[in-house]
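A.B. asks: sequence? don't have it. structure:
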């Protein structure tokens, strides 16, 4: 396909407008040191309202589904037809940067503005999405809104997912005006969607190191997350000899080092194992820890190795705890398989890069994304833009406005290229 098939009078993305959007979203935060906007909180819903308010002001139809995902749609010229979509998420981890997820939503909003202001015509509806609850920081399981949309999470699951304060996902949804008993209504139908492209920051340092402005994702890593509850015996640090201790903390430390050892051995090239949170009780400098909770995240591009790594670590944890006289309970928090994204969609994005003279490289994603879930319903692709120093999930997370604008330009032209291809294919099939 040549560029002239979709070469319309489409203005370039406005870098300063994108930066302003990101700054406004960053103000919706419970912390000033980075962005804290957890899933299914009033702050997350406020960010979603900003999304729908701005796109409604452009004349787009907007709505929110029972899972809390927000939508805006610009109709196509062909009447009822499956949509071409784009978007990302608006929630964050604690003390995050302003780009993870939000960059993709801001890019979607900028694409909508460009299409409206230039009155660009397209056959298929173009649908813009802000997913709810992508981060697993609050309830352990990632991609809640997109999991529900893909039919991977049902209303019966929501009471079992709880945050550190014991609040269930169902309770959190009710608190922000959503009805968890109706989430099945939020499931996407395959015939409502033609394709979906998500723009996201890389969250790694490959693009920056190679001086390449665009990444096209071929594979998204899977993730297995679980909690280890260690039950030792709290006692006085001075009065208890070393050989009489059942120290939950030292057992937790050994398990943490075991996770690192497994992930860095020659059998696990590409595996990432992380203890991201460690909680101790009673938490006194003069008391041996009697309880420890470890939150473990195993990621891999190999599905079998992902699960075998989790199993190996759990078996090792049992042996460590038994040797140290410490009890162990295990709770699975979430599990998602790696996903290979459709090659035809990657090629279309790559062809758009070539036609516009944009350098790119194909690379996997180590992080989970909403596209990983909805790919079960609609063919999904991903565009990465560079992350400075590869940092993410920290206040120092940064992508330049120029890089984000370049990614947004590619996103807009890729969506129009997909619209053109799907229209041409449909016309050819109708003529047969």
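C.D. replies: Structure's in. What do you need? Nothing here was measured: the structure is a model prediction, and the numbers come from that model. Numbers count the residues shown, from 1 in each chain.

A.B. asks: Residues contacting the one helix or strand residue 50 maps to, please?
C.D. replies: Assigned by DSSP states H and E, residue 50 falls within helix 42-57. Contacts of helix 42-57 with the rest of the structure, by Cβ atoms under 8 Å, 6 or more residues apart in numbering, involve 24-25, 28-30, 36-38, 62-64, 68, 70, 72, 90-91, 105, 109, 112, 128, 130, 132-133, 176-177. Any C-beta I mention is one placed from the backbone N, CA and C, and that applies to glycine too.

A.B. asks: Report pLDDT for residue 431.
C.D. replies: In this model, residue 431 is scored at 55, pLDDT.

A.B. asks: For burial, what's the neighbour tally of the closest residue to residue 214 other than its chain neighbours?
C.D. replies: With sequence-adjacent residues excluded and distances taken as Cβ to Cβ, 6 or more residues apart in numbering, residue 214 is closest to residue 360, at 4.0 Å. The number of residues packed around residue 360, counting by other Cβ atoms under 10 Å, is 19.

A.B. asks: ok, now which ones touch residue 360?
C.D. replies: By Cβ under 8 Å, 6+ apart, the contact set of residue 360 is 212-216, 350, 353.

A.B. asks: rewinding a little: name the strands paired with the helix or strand following the helix holding residue 50 and say parallel or antiparallel.
C.D. replies: Sequence-wise, the next helix or strand downstream of helix 42-57 (DSSP H and E) is strand 61-64. Take DSSP bridges as the rule and strand 61-64 pairs in its sheet with strand 70-74 (antiparallel).

A.B. asks: Over to residue 148. Which of the three states is it?
C.D. replies: At residue 148 the chain is in helix, as set by DSSP: H, G, I helix; E, B strand; the rest coil.

A.B. asks: Does the worst-scoring helix or strand of the chain on mean pLDDT pack against any helices or strands, and if so which?
C.D. replies: Counting by mean pLDDT, DSSP states H and E, the chain has its least confident helix or strand at helix 401-431, which shows a mean of 88. Under the contact criterion of 3 or more Cβ pairs under 8 Å, 6 or more residues apart in numbering; DSSP states H and E, helix 401-431 touches helix 15-26, strand 83-89, helix 102-117, strand 193-201, strand 214-220, helix 343-356, strand 380-385.

A.B. asks: Please identify the buried residues of it?
C.D. replies: Residues of helix 401-431 classed as buried by neighbour count (16 or more other Cβ atoms under 10 Å): 401, 403-423, 426.

A.B. asks: Poorly predicted segments of the chain, please.
C.D. replies: Applying pLDDT under 70 to the chain flags the ranges 1-8, 426-432.

A.B. asks: can you give me the helices in the stretch 201-350 of the chain?
C.D. replies: With DSSP state H, counting those that start in this stretch as the criterion, the stretch 201-350 of the chain has helices at 206-210, 248-263, 303-324, 343-356.
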